[in-house]
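A.B. asks: 3D, please:
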Amino acid sequence: MLPQSDACAPKEAAYNAGMFETATELEPDPVIEAYKKDIDRTLIRENLKLTVEQRLENLERLQQFADEMRRAVLAKESLDRGD
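C.D. replies: Predicted coordinates for the structure are as follows:
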């Protein structure tokens with residue numbers, strides 16, 4: 001008896017071949033194409049080069065920045081009202 005991974009290999013290859021054929025036959029979605037022009041995919045590519053830990057560190061820094069900005073806006077509003 002073949003190990004399970006060897007037994008599944010022919011089915012997996014046939015499945016992958018079928019998916020590839022389907023994927024190459026698809027027409028571009030006009031909605032997706034319309035949005036793609038407004039997205040800087042280089043930023044996405046650069047972010048994907050980072051490790052998960054580096055991405056989480058960036059997210060933490062972004063959250064800290066957002067918190068600082070929120071506090072600054074609240075402080076300015078308070079000063080403007082004369083509190």
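
A.B. asks: dump stretch 59-75 to CSV, restricted to CA.
C.D. replies: C-alpha atoms of stretch 59-75 as CSV (Å, rounded to 0.1, in the frame of the first residue of the first chain):
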residue,chain,number,x,y,z
LEU,A,59,1.3,47.7,13.2
GLU,A,60,2.2,48.5,16.8
ARG,A,61,4.0,51.6,15.8
LEU,A,62,1.1,52.7,13.6
GLN,A,63,-1.3,52.1,16.5
GLN,A,64,0.9,54.2,18.8
PHE,A,65,1.0,57.0,16.2
ALA,A,66,-2.8,56.9,15.9
ASP,A,67,-3.2,57.1,19.6
GLU,A,68,-0.8,60.1,19.8
MET,A,69,-2.8,61.8,17.0
ARG,A,70,-6.1,61.1,18.8
ARG,A,71,-4.7,62.6,22.1
ALA,A,72,-3.4,65.7,20.2
VAL,A,73,-6.7,66.3,18.6
LEU,A,74,-8.6,66.0,21.9
ALA,A,75,-6.1,68.3,23.6
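
A.B. asks: right, and the helix or strand after the helix or strand bottoming out on mean pLDDT in the chain?
C.D. replies: The helix or strand of the chain with the poorest confidence is helix 4-25; it has a mean of 72 (mean pLDDT, DSSP states H and E). Next helix or strand after helix 4-25 toward the C-terminus (DSSP states H and E): helix 30-36.

A.B. asks: what comes up buried for that next one?
C.D. replies: Buried residues in helix 30-36, defined by neighbour count with 16 or more other C-beta atoms under 10 Å: none. No exception for glycine: its C-beta is placed from N, CA and C like everyone else's.
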